[in-house]
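Enquirer: Predicted coordinates and the sequence they were generated for:
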Amino acid sequence: MIVKEMPRRWSLSRILKYYAMSSLTLKGNIIDLGSGSEEPSYEKYLNYKYPHKKIYADLFKSGPNIVKIDLEKKFDYLISNQFDFILCHSVLEHIYEYKNALRECYRILKPGGAMIGSVPFLFPFHPCPNDYYRFTHQALTKIFTETGFKNHKILSLGFGPISTGTNQWLHIMPRFIRPLIIIPCIIFDSFILKRIKPQISERYPLGFLFINYK
């Protein structure tokens, strides 16, 4: 998948996130927070099971299937226990009052539902319109628990320091040679550095994919 997607997407963390998401199946009522579009780049990697109904939420964009929500305030017009799944990818780092967003997500999620999202860690500054935070897996664990989510999984995305460091400047290279650059770095991290230090990939994560259950 990395070889296939790298010429189209400069972020290794995004490719790894999409790969992890491709094993998930969504159904029922679904809301996608902060995507701003009915065609986010990860849409084709999601698996939907009938019946399902999906809406999108964004403060800065509008459309027939997009509701305007300020994620730092109460989610107006969204009732409690309404959604089976909430998607929130690469959004929390842009929200200053991120705990408000998580508490509201917990409120609108049905019992037994899941919030699926991601955050970057070793990743360049990317204002949209602002970029406030980088979260460790330890911080995410405490934050999710404090905002109501007692049951959650956090997946570290990345292979190690060489591929993580290379990813920071890979976007300036021509698309067709990106796999030729990143693949040797991944091999070095995975088969050489990991033998020396087994926990090396956890110390240099590109980001995290999380699943919070209510």
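Expert: Now that the structure is in, tell me what you want to look at. The shown structure was predicted, so the numbers you read here are calculated from the model rather than taken from an experiment.
Enquirer: Which residue ranges of this protein form strands?
Expert: Using DSSP state E, the strands assigned to the chain run over residues 25-33, 47-57, 66-67, 83-89, 109-120, 151-157, 207-213.
Enquirer: I'd like to know which of those has the weakest mean confidence.
Expert: When the strands of the chain are compared by mean pLDDT, strand 66-67 comes last with a mean of 88.
Enquirer: what's it in contact with?
Expert: Identification of contacts with strand 66-67 by CB atoms under 8 Å, 6 or more residues apart in numbering yields 36, 37, 38, 55, 56, 57, 58, 77, 78. All C-beta spots, glycine's among them, are computed from the backbone N, C-alpha and C.
Enquirer: roughly how far apart are the closest residue to residue 107 other than its chain neighbours and residue 110?
Expert: With sequence-adjacent residues excluded and distances taken as CB to CB, 6 or more residues apart in numbering, residue 107 is closest to residue 80, at 5.1 Å. Relative to residue 110, residue 80 is positioned 9 Å away (CB to CB, to the nearest Å).
Enquirer: So which of the two has more stuff around it?
Expert: The neighbour count for residue 80 versus residue 110, taken as other CB atoms under 10 Å, is higher for residue 110 (16 against 11).
Enquirer: list the contacts for that one?
Expert: Shown in contact with residue 110 (CB under 8 Å, 6+ apart): 28, 29, 81, 82, 83, 84, 214.
Enquirer: Verify the contact between the first one and residue 51 for me.
Expert: Yes. With contacts defined as CB atoms under 8 Å, residue 28 counts as touching residue 51 at a distance of 7.3 Å.
Enquirer: If you count surrounding residues, which of the two has more?
Expert: Neighbours per residue (other CB under 10 Å) separate residue 28 from residue 51, with residue 28 holding more: 15 against 8.
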